[in-house]
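[1] sequence first, predicted model second:
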Amino acid sequence: MEFRTFGATGMKVSALGFGGSEIGYGGSDVSTVERLLGSALDAGLNVIDTAACYMDSEEKIGQAVGHRRSEYLLFTKCGHASGLPYPDWDPELVTASIDRSLKRLRTDHLDLIQLHSCSRETLEQGDVIHALQRARDAGKVRFIGYSGDREAARYAVTCGAFDALQTSVNIADQEAIDLTIALAEKRQMGVIAKRPVANVAWLAEVEPSKEAYSHAYWERLQELRYDFLSHSASDSVGRALRFTLTIPGVHTAIVGTQSPDRWQQNADLLAPGALDANDFNAIRTRFREVAKPDWTGQT
């Protein structure tokens, strides 16, 4: 598996990371998570990303692979109360959430803690950033990041407080390439791509409900009509994933699954390496030609 240096942090991250939302919201049992993550770690994946608000994802990860803590980099997110007796984005909540995540994940430190999609106004107030910095100074976390999109993400990049950015970027969502990722690269920040295969929305047999995460991407892809989306599922998903990881400045792409075999299938799709320059540029050109002003980054 390919490894990349995660900005100025110096951490070596696998190009494919594991996203923990699906095992939380999807109700996977611990034995399934143990098989899924155990086989991934055995094959070299070393990034596990989750969040305090992903139901019981943190607990399952801690139970499944807490005993293998030295083998992976552990990223999580905070900001939503998720059962704690504080308002969202309260500095005391941030501190309490980090402490709870450490217990759930069965670890004495996090490699990266990320503020979870708060507004630019919250960032500008500074209190939650200071809470993260105090956690770093106390040795609870090694690095701090922001997870989000649009202008709030740009502020997070420019304010100088963060080591990393997690943002949505894929064949149907390319605002971040110019708005934040290029700037983050110049500032030597680590960049995590979320939703890197656009929720494979093009494979939906019927239009997703308007409440579904994939709906906006499904609508966009109806207009983008990339030629390769008519290819086999493995080819189209592989090209989409390779596109995201070919974007300059992107270090790791977080993909979630409940299937113990799916992560290996995704890893195999990356075997050809970076997308050919002509193919990459064709996707970028098509998006610029078709994208509407409201095709902003999807949180």
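    Yep, it's here.
[2] what's the separation between Glu124 and Ala176?
    In this view, Glu124 and Ala176 are 20 Å apart by Cβ to Cβ, to the nearest Å. For glycine as for every other residue, the C-beta is placed from the backbone atoms N, C-alpha and C.
[3] just the strands in this protein please.
    3-5, 12-14, 16-19, 47-49, 73-78, 110-116, 141-147, 164-168, 190-194, 252-256 (DSSP state E).
[4] mind putting these into JSON lines with distance to Ser232, mean neighbour count and mean pLDDT?
    Shown next, in JSON lines, are the strands of the chain (distance: least, Cβ to Cβ, whole Å; neighbours: other Cβ atoms under 10 Å; pLDDT from 0 to 100):
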{"stretch": "strand 3-5", "distance to Ser232": "28", "mean neighbour count": "15", "mean pLDDT": "96"}
{"stretch": "strand 12-14", "distance to Ser232": "25", "mean neighbour count": "20", "mean pLDDT": "98"}
{"stretch": "strand 16-19", "distance to Ser232": "20", "mean neighbour count": "27", "mean pLDDT": "94"}
{"stretch": "strand 47-49", "distance to Ser232": "28", "mean neighbour count": "26", "mean pLDDT": "97"}
{"stretch": "strand 73-78", "distance to Ser232": "32", "mean neighbour count": "27", "mean pLDDT": "98"}
{"stretch": "strand 110-116", "distance to Ser232": "35", "mean neighbour count": "25", "mean pLDDT": "97"}
{"stretch": "strand 141-147", "distance to Ser232": "32", "mean neighbour count": "24", "mean pLDDT": "98"}
{"stretch": "strand 164-168", "distance to Ser232": "25", "mean neighbour count": "28", "mean pLDDT": "98"}
{"stretch": "strand 190-194", "distance to Ser232": "23", "mean neighbour count": "27", "mean pLDDT": "98"}
{"stretch": "strand 252-256", "distance to Ser232": "19", "mean neighbour count": "25", "mean pLDDT": "92"}
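[5] closest to Tyr86 out of those?
    Relative to Tyr86, the nearest member of the strands of the chain by Cβ to Cβ is strand 73-78, separated by 11.0 Å.
[6] thinking again about what came up before, the more surrounded of Glu124 and Ala176?
    Ala176 (27 against 11; other Cβ atoms under 10 Å).
[7] per-residue pLDDT, the more buried one?
    Listed pLDDT for Ala176 reads 98.
[8] any idea how far it is from Ala193?
    9 Å.
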